[in-house]
Every structure is written in C-alpha cells, then in structure tokens.
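**Q** have a look at this fold, sequence not included:
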Ligand code: HEM
C-alpha cells in the first residue's frame, strides 16, 4: 500500500515537472499536434498585407520589439485601452505603431482552424520573422509556446529605449533584458527597414546644445538634408524620412550609413562610441552574412523574453 502511494507520488511529481517545463520553455514543435497550419496561416496573412502596403514588414518588426521590451513577449502591446486604463499602445513611443489589423486577421483565421490554442504573442513573433524574410532578409525557425499577458499600461512604455540614448543607457536597457552589446548592435539593424517621423530626431538638427545647432556627429550634408525635410516650423503632417536608403529591403546598408555618420537617431550613431560596438558595426557593414547570422541569434534571444499567462481569444482584449 505504502509502495503504491510512493509510486503515485513520484509519477505525479514527474508529470508536474514535465508540465511546468513545457509551460516555461519554448519549443519549435509546440503546435505540431494542436495547430499544424499556424505558420502557414501567419505567413499567408503577412504576405497578402505586404502586397498591398510595403510599410507592413517594418511595422510588424517594430511591434514585436516593443512588445518584448515591456513585460516580455506577451502581446501586451496589442491590448486596447479600457475604462481608466491607458494601454501600452497609447503610450507616447507607441502612437506611431501600426499594422495591428494584420495580427487580428491572422488570429481570426487561426481561431477558425484551431480555436483557443495559439497565443497572440506567438502570432506576433512569427509575423516579425515573416516580415524580415519577405523583405529579403534571413529566415529562421521560431520557438513557440509564449503566453499572452493580462496587463498593459501606457506608463510602462517609459521602459522603452529612447532615440536620444547614449551607449551606456542603451547597454543598461538591453542588459536588463538579458541582452548583450552584440545583441544591441545586431538588433539595431532592424533600422534597415522603415520610417521615422521628424519628432524622433529633431533634437539632433535644431538647437542641439549650447554650442552646436546641429549634432556634430552627423554628416553635415546629411544634416542639411534632414533639416530641409524637417524645418523648425514644420507644416507637413507626418513629415520624416526612411531609416535607410533601401527601407523595404532587409540588408546591411544601415551599418554602412552609420560609418558615413548618416545614422538617423543618436542611438544609431553612438554604436561607434565603444571599440567593441564599433568593430561590430564594421563587421556587419562588410559582411551581410555576418549581420544575418547575428540578427537571427539575437532575435531568437529577444523574442524569448518571458511574460504572459493565457491564450487570448481576441488579441485586443484579455479573456
Ligand atoms: C536600440 C534601441 C532602439 C531605439 C532607441 C529605437 C527607436 C526608434 C524610433 C524613434 C523609431 C521611429 C519612430 C517614428 O518616428 O515613427 C524607430 C523605428 C523603427 N524601429 Fe527602432 N529603435 C530601437 C531598436 C529597434 C529594434 C531592436 C528593432 C527591431 C529588431 C527596431 C525596429 C524598428 C523599425 C522596423 C522601425 C520602423 C517602423 C516603421 O516604419 O513603422 N528598432 N525606432
């Protein structure tokens, strides 16, 4: 009798351990049995949306980054504000995020095939991977099994790195999330895609500091170009510039521009400020292959930052 109880106890402990370890760790075949078509559905949705609007891949990549840096990759960035709670998406750095409808579309198609199984956080991680690949960048296998969070606060978007950050502020922001300086340089390469509004870099081109009107680390002719796009009294709604010259192609142009002192944000340009990060910028500018390898490694690391407790039915509201 005592032996039977002991055996049951041990078996229960083994079961509990295996459940806990699947809950806490991501795996490549997470939906193999429960939703085998999930990756196909997400890729199809992202492809269709990109065919209509070339700005979609950049938006999806940035959405995933902003999700992972606040409360982990738990789709908290997708939740709508409700009652007196202002959600992350309505926080200052996130008002320019877009392409939320693509995640909604993918979620609808997935719920129709395998209801209640696939988290919004996983859909977002897959969509970011597809966005890079569709833009001519590398592909990779995404570990899955993230859970969606139940909390989203606009006030917490203060935790996102600012484009005015210096290298030690960037290092701190990344290391707090278990990310290294190599991850910082590789992931900043996400700025090979997309667009910036004048407001994100205007501090560099007007009244920079007491002695310089323009940030002296900016290439002078490039600074003049930015000034003409973003004059001090800007009248053009949504004025701004692409982050690199080939802003819908995922390539290593971003690093070449930094070396020419044509990085858009201070946070891009300061990657030249330490020998280690400067060497990595040169390496990625010289070898697109080295950039791709490092980017994939760092994306998997970033997109594995923990968060979340449930699988939401609707990506915009908690269950
Ligand atoms: C290192 C710290 C970072 C800072 C300070 C930063 C800051 C910014 C800012 C200010 C914008 C422009 C927003 C606007 O004016 O509309 C932007 C755009 C963008 N960022 Fe970052 N970012 C950082 C890292 C990253 C990372 C790690 C990724 C992805 C791996 C990323 C991907 C993007 C993309 C794709 C866009 C363009 C979005 C679009 O066109 O819709 N950024 N970033």
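**A** Thanks, I have it. In this text the structure is predicted, and so the values were computed from the model without any measurement. Numbers count the residues shown, from 1 in each chain.

**Q** residue ranges of the strands in this protein, please?
**A** Using DSSP state E, the strands found in the chain span residues 195-197, 240-242.

**Q** end to end on stretch 160-173, go ahead and measure it.
**A** 8 Å (C-alpha to C-alpha, to the nearest Å).

**Q** buried set for that stretch?
**A** For stretch 160-173, burial by neighbour count (16 or more other C-beta atoms under 10 Å) applies to 160-161, 163, 165, 167, 170-171, 173. The C-beta positions use only the backbone N, C-alpha and C, and glycine is treated the same way.

**Q** in helices, which of those residues appear?
**A** 167, 170-171, 173 (DSSP state H).

**Q** low-confidence regions, this protein specifically.
**A** Applying pLDDT under 70 to the chain flags the ranges 1-24.

**Q** against residue 141, how distant is residue 169?
**A** Separation of residue 169 from residue 141 (C-beta to C-beta, to the nearest Å): 33 Å.

**Q** oh sorry, the question was meant for residue 257
**A** 30 Å.

**Q** with neighbour numbers in mind, choose between the two.
**A** Shown here are residue 257 and residue 141; by other C-beta atoms under 10 Å, residue 257 has more neighbours (22 against 11).

**Q** OK, contacts around that one?
**A** Contact analysis of residue 257 by C-beta atoms under 8 Å, 6 or more residues apart in numbering lists 244-245, 263.

**Q** so residue 27 sits against residue 146, correct?
**A** No. Assessed by C-beta atoms under 8 Å, residue 27 is found out of contact with residue 146, at 11.0 Å.

**Q** more crowded one of the two?
**A** Per other C-beta under 10 Å, whichever of residue 27 and residue 146 has more neighbours is residue 146, with 30 against 12.

**Q** phi, psi of the more buried one?
**A** phi -70, psi 160 (degrees, to the nearest 10).

**Q** show me the contacts for it.
**A** 26, 73-75, 119, 121-122, 125, 307-308.

**Q** now the residues you listed as a markdown table including neighbour count?
**A** Formatted as a markdown table, the contacts of residue 146 follow (neighbours: other C-beta atoms under 10 Å):
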| residue | neighbour count |
| --- | --- |
| 26 | 18 |
| 73 | 30 |
| 74 | 29 |
| 75 | 31 |
| 119 | 24 |
| 121 | 31 |
| 122 | 30 |
| 125 | 27 |
| 307 | 19 |
| 308 | 22 |
